[in-house]
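[1] Structure for the following, please:
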Amino acid sequence: RPAAGSAADPPAIHAQDDRGRSIDLAAPARRAITLAPHATELVYAAGAGPYLIATIRGSDYPPAARQLPVIGDGTQPDPERVASVRPDLVIAWQPSAAAPLVPVMDKLGVPVYYSDPQTLAAIPDAIERFGVLFGTEATAGPAARALRDRLDALAARYASRPPVRVFV
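    Numbering: from 1, shown residues only. Next up, the predicted model:
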């Protein structure tokens, strides 16, 4: 067996989530759960869809996400179902929704990563961070660049138009 830290060992993963918390994984995530539809979509965009093992009701894009087991909904994920699939990473959106899971995940040593991109410009960054967490940078980097290029093209195309005010 190679010595610790040798080239045969997968690299340790260090990332910062959108709440400013440091997330450390001994190796790229291979059994992740998403607790928000946007996180599911961004994980797939980063090339890590094969490493999702479950999600919540409503995560239906891309179409492959519809085949994932459902562990509850976005406001009440089932801690027993989550623990039973043995994740190595949980990706959440709002701390209140993840609150029932956090004590269980802490006991199991499973980090909870919070994904909350607040702007369109933050979405490519999120794709890149998922690439780091899953070791899929070779897919995530080009996907993030393509999205940035698309956003830049849209900004240039509509730069001379007055802003549209909306309320959601």
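[2] Any idea how far the worst-scoring helix or strand of the chain on mean pLDDT is from the middle of the chain?
    Lowest mean confidence among the helices and strands of the chain (mean pLDDT, DSSP states H and E): helix 95-98, at a mean of 84. The chain centroid and the centroid of helix 95-98 are separated by 15 Å under C-alpha atoms, centre = their mean, to the nearest Å.
[3] Kindly report the same for stretch 102-116.
    With C-alpha atoms, centre = their mean, you get 13 Å for stretch 102-116.
[4] Any chance you could list what contacts the least confident helix or strand of the chain?
    Arg19, Leu35, Ala36, Gly74, Thr75, Gln76, Pro77, Val90, Ala92, Val112, Tyr114 (C-beta atoms under 8 Å, 6 or more residues apart in numbering). C-betas here are computed from N, CA, C, even on glycine.
[5] Any regions of this protein where pLDDT drops low?
    1-11 (pLDDT under 70).
[6] So for the lengthiest helix in it, what gets flagged as buried?
    Counting residues, the longest helix in the chain under DSSP state H turns out to be helix 137-157. Buried residues in helix 137-157, counted by 16 or more other C-beta atoms under 10 Å: Glu137, Thr139, Ala140, Gly141, Ala143, Ala144, Leu147, Arg148.
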